[in-house]
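Enquirer: sharing a sequence plus its predicted fold:
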Amino acid sequence: MKELEAEEIAEILSTAELMKMVMTSNNKKTSHLQGKSVVTLFYENSTRTRLSFEMASKFMGASSANISSSGSSVSKGESLLDTARTIDMMSTDIIVMRHNQSGAPHFIAPHLKASVVNAGDGMNEHPTQALLDMYTMKEKYGSLEGLEVAICGDIYHSRVARSNAIGLKKMGAHVRVAGPATLMPPGFDRLGCTVCKSVKEAVEGADVVMGLRLQLERQTKSLFPSVAEYAKFYAIDMATLSLAKPDALIMHPGPCNHGVELPTVVYDCPQSVINEQVTNGVAVRMAVLYLLIARRNQA
Ligand code: NCD
C-alpha cells in the first residue's frame, strides 16, 4: 500500500465492482487472463487469501497452480530465490507470494520476468487484504472519505492493520488503533493513526470496527498474562460495540479466534460483514490480476 497512489487504489476498487458482477453472475467465466499463468507460492498457511487468488485466476481463464513450502523442494533446503526462479522459468506471468519474512516479495521481484503480488509478508504488509477491506467499506458507505475506522487487537503482529492504516489514510479515512501496550508497535501515530488507550475509546462513534486475530504463532515471548485476560480487556463485545455508530460495520480478516478477539454473537451479528469480506476478496484479487496483466501487456 506504501507504493500505491490514491488514484491507483480507486482504480482497483472500481474495477473490483465490475469483477464482483462477473463472479456473482451465472457465468463466472471471462477471458481477461486467457493464455496467462498464475502461480501461488505460499510459505505460510492460508485459506482465504490463497483460495481467492486461485478462484480469481480461474474465473478469468488463467492457468493456475499452487506450490507451498511443505510439499516442495523448499523443505529440501532450496532458497527462496532459486524456488522463485524455477517458477519463473515455467513461463509464469504472475507469482502470488506469501512469506514469513518482511520484504521477501520485494527481494525476489527484481530477479524475475514474472510480476510478483504480495499476499502477506511477515509483519509488514498484506495489501490485497487492505484493498478488500476498503472495498467492503466503500460498498456500504459509497466513499472512504471521512470514515472513522477502529482497528483493535494484536496490532504489533498485524500486516493487515499496517496496510489498512496506510491505504485508508491515502483515501481520506481516519484510523484509530487500540490494543495492549505490548502489542502496539511504535510509529502508528506517524502513519496518521490515533493510538487509543482502550478498545472502548477507539470504538466510540466509529463507522467501522475491525477485530484482529491474536497471532500467537508470531510471539517469541509472553506479551500478556493469559488469553483469558486478553479477552477480558481487549475483546470487542456487544457492550463495547454499542459505543460505535448504530449501523457500524463489524469486520475481521479471518481466521477468527471466537471468544478471544470477538465473541461469536458479534461475529454473527447483523452488522457483521465478515463473510462478505471473503466474497469481496475474490473480486478485488480479480481486479489486481487483471490490472497487472493489462500493465504488462502495455509494457
Ligand atoms: C491475515 C493474514 O494472514 O495476515 N489473514 C488473512 O489473510 N485473511 C490475518 C491473520 O492471519 O490473522
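Expert: Arrived safely.
Enquirer: show me the contacts for the residue in the chain positioned nearest to the ligand.
Expert: Residue nearest to the ligand within the chain: Arg213 (3.4 Å; CB to the nearest ligand atom). No exception for glycine: its C-beta is placed from N, CA and C like everyone else's. Arg213 makes contact with 153-154, 158, 252-257, 261, according to CB atoms under 8 Å, 6 or more residues apart in numbering.
Enquirer: can you verify it is assigned to a helix?
Expert: No: using DSSP: H, G, I helix; E, B strand; the rest coil, the assignment for Arg213 is coil, not a helix.
Enquirer: where's it relative to Ala62, distance?
Expert: Using CB to CB, to the nearest Å, we find Arg213 at a distance of 30 Å from Ala62.
Enquirer: which parts of the protein are helices?
Expert: Assigned by DSSP state H, the helices in the chain fall at 6-23, 48-59, 80-88, 104-108, 127-141, 159-170, 199-203, 227-234, 238-241, 264-267, 274-298.
Enquirer: would you format those as CSV with mean pLDDT and distance to the ligand included?
Expert: Output for the helices of the chain, formatted as CSV (pLDDT from 0 to 100; distance: least, CB to the nearest ligand atom, whole Å):
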stretch, mean pLDDT, distance to the ligand
helix 6-23, 97, 17
helix 48-59, 98, 4
helix 80-88, 97, 18
helix 104-108, 97, 14
helix 127-141, 98, 5
helix 159-170, 98, 5
helix 199-203, 98, 17
helix 227-234, 92, 15
helix 238-241, 97, 20
helix 264-267, 97, 14
helix 274-298, 97, 8
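Enquirer: show me the contacts for Thr240.
Expert: Residues near Thr240 by CB under 8 Å, 6+ apart: 199-200, 203.
Enquirer: generate a markdown table for those, with neighbour count as supplementary columns.
Expert: Below are the contacts of Thr240 laid out as a markdown table (neighbours: other CB atoms under 10 Å):
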| residue | neighbour count |
| --- | --- |
| Val199 | 26 |
| Lys200 | 15 |
| Val203 | 24 |
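Enquirer: got the confidence number for the closest residue to Thr47 other than its chain neighbours?
Expert: Distances taken as CB to CB, 6 or more residues apart in numbering place Pro255 nearest to Thr47, at 6.9 Å, with adjacent residues excluded. Looking at Pro255, its pLDDT is 97.
Enquirer: one more: Arg190?
Expert: 95.
Enquirer: look at it and say how many residues are nearby.
Expert: Counted with other CB atoms under 10 Å, residues neighbouring Arg190 total 7.
Enquirer: just Gln101 next, same as before
Expert: Count around Gln101 with other CB under 10 Å applied: 13.
Enquirer: ok, it touching Asp121?
Expert: Yes: with contacts counted by CB atoms under 8 Å, Gln101 reaches Asp121, the gap being 6.7 Å.
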